[in-house]
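[1] A predicted structure for the sequence below; I have some questions about it.
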Amino acid sequence: MQINGRAKRIAAAAVLIGCMVIAGCGQQKGASGSPQGGPAEVAVITVQPEKISITTELSGRTSAYLIAEIRPQVNGLIQKRLFVEGSDVKAGQVLYQIDPAPFQAVLDNARAALGRSEANLPAIRSRSERFRELLADKAVSQQDSDDATAALRQSEADVQYWEATVETARINLGYTRITAPISGRIGKSNVTEGALVTAHQPLALGTIQQLNPIYVDVPQSTTDLVRLRHRLEDGRLDKGGNSQNKVRIILEDGTPYSLEGTFQFRDITVDPTTGSVMLRVIAPNPKGLLLPGMFVRTVVQEGVNKQAILIPQQAVTRDPKGNPFVLVVNAEEKVEQRMLSLDRAMGDKWLASSGLAPGDRVIVEGVQKVRPGASVKIIPFDSGRKDKGERENTSPPSSKQN
């Protein structure tokens, strides 16, 4: 009886081991997605050239379109300030009034002197003409005639001198009304009523800035500039025509500015401290949202790549040295390794500058299961499959009880 019981236990253990082996084989087949010993399944995409716009995001700061510092052109006492600080002013608007009384007195004095000279001029001119007639009859000497002519010329010069003096006095009197040279927004006033000012003093009375439109000054490294020129010369990039001059602006908080700017020019002087050149963009600013000195980011279009090769970032792997490569499936359905040169990331894809050609089949899913030289079975790549699986895995558990 003991022998029969032991035999039964041995037989039961053998059956259990057999079931475990069969279950393990089934799990191995399910995990690999292919029968044991068969080719691994991989999802691939076929490389096709695309036409894309190449852009560069650069940081910069805004600056006023026009800036005018207000300074007096004559000495005097400020009688009135005729504007509100922080308000918009128009060109020609009076901003300050300097005491005009001393300048009015100078102008009146010059006009009086001019009138005196003009009153004496007719008599001196007549005397000179009579002496010239008498000289012909030998009634006066040559010296008397010359003296009369010299007196006439001196009198005419006096009239011209006092005319210029009157004009100078009139200009200085006009300078007592300090006006705005440009339209824009004026800041705070640096002087108050009763302040004594001098002509062309270092301290500006105020500053006017025109904010619509407004400049955006963006530094660009010379390395990027040289790289861009080489691409244009090699034909890898085409100029985008008028659209290349359009620049998108992003505000400090990351929100896009509603209006596009226009590329104006690229400076030719390199800043030795930063190794960059300045790009100037002009942007409309009707609501005054952009203020001078504000930090912004700009998206500048470099050109159009008509044969761009884009591949999903998940398809790119790096070797121990950090060099990027992908696995492709050749015509014999075997895996090959291709080293890449990557230009930049564009969304969830890499822009490859070399290493791939149109028609290459790049492995996107199943990279970990294969090695170069291995035979594979190709299945279509579904970009939404992974997202769908993640949504199913993260769905809340059912509350139904079994």
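    Yep, it's here.
[2] Any stretches of this structure with poor pLDDT?
    Along the chain, the model assigns pLDDT under 70 to residues 1-37, 230-244, 383-402.
[3] Show me the helices in the stretch 151-300 of the chain, by range?
    With helices called from DSSP state H, counting those that start in this stretch, the stretch 151-300 of the chain shows them at 222-234.
[4] tell me the SS of residue 126?
    For residue 126, the secondary structure call by DSSP: H, G, I helix; E, B strand; the rest coil comes out as helix.
[5] So it versus residue 137, what's the distance?
    Relative to residue 137, residue 126 is positioned 17 Å away (CB to CB, to the nearest Å). For glycine as for every other residue, the C-beta is placed from the backbone atoms N, C-alpha and C.
[6] Give me the more crowded residue out of those two.
    For residue 126 versus residue 137, neighbours defined as other CB atoms under 10 Å are more numerous around residue 126 (12 against 7).
[7] do you know how far that one is from residue 143?
    The spacing between residue 126 and residue 143, counted by CB to CB, is 19 Å.
[8] what comes up buried for stretch 190-197?
    Under the neighbour-count criterion of 16 or more other CB atoms under 10 Å, stretch 190-197 has 191, 197 buried.
[9] which parts of the lengthiest strand in the chain are buried?
    Criterion DSSP state E: the longest strand present in the chain is strand 50-70. By neighbour count on 16+ other CB under 10 Å, the buried set for strand 50-70 is 53-55, 58, 60, 62-65, 68, 70.
[10] The helix or strand just after it - contacts with which helices or strands?
    Next helix or strand after strand 50-70 toward the C-terminus (DSSP states H and E): strand 76-81. With contacts defined as 3 or more CB pairs under 8 Å, 6 or more residues apart in numbering; DSSP states H and E, strand 76-81 has these neighbours: strand 94-98, strand 196-197.
[11] Of these, flag the one that's most buried.
    Per-stretch averages of neighbours, counted by mean count of other CB atoms under 10 Å, single out strand 94-98 among the helices and strands packed on strand 76-81, with a mean of 19.
[12] Only C-alpha atoms, please: export that strand in CSV.
    Presented in CSV, the C-alpha positions along strand 94-98 are these (Å, rounded to 0.1, in the frame of the first residue of the first chain):
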residue,chain,number,x,y,z
VAL,A,94,4.7,122.7,-26.2
LEU,A,95,6.2,120.9,-23.2
TYR,A,96,8.0,123.6,-21.2
GLN,A,97,7.8,127.4,-21.2
ILE,A,98,11.0,129.3,-20.3
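[13] contacting residues around that strand?
    70, 72, 74, 76-83, 89, 175-180, 186, 191, 197, 205-206 (CB atoms under 8 Å, 6 or more residues apart in numbering).
[14] can you do 6 Å?
    Among residues not part of strand 94-98, those counted as contacts by CB atoms under 6 Å, 6 or more residues apart in numbering are 76, 78-83, 176-180.
[15] again with stretch 208-216
    Residues from elsewhere that reach stretch 208-216 (CB under 6 Å, 6+ apart): 60, 62-68, 180, 182, 184-186, 280-286, 288, 290.
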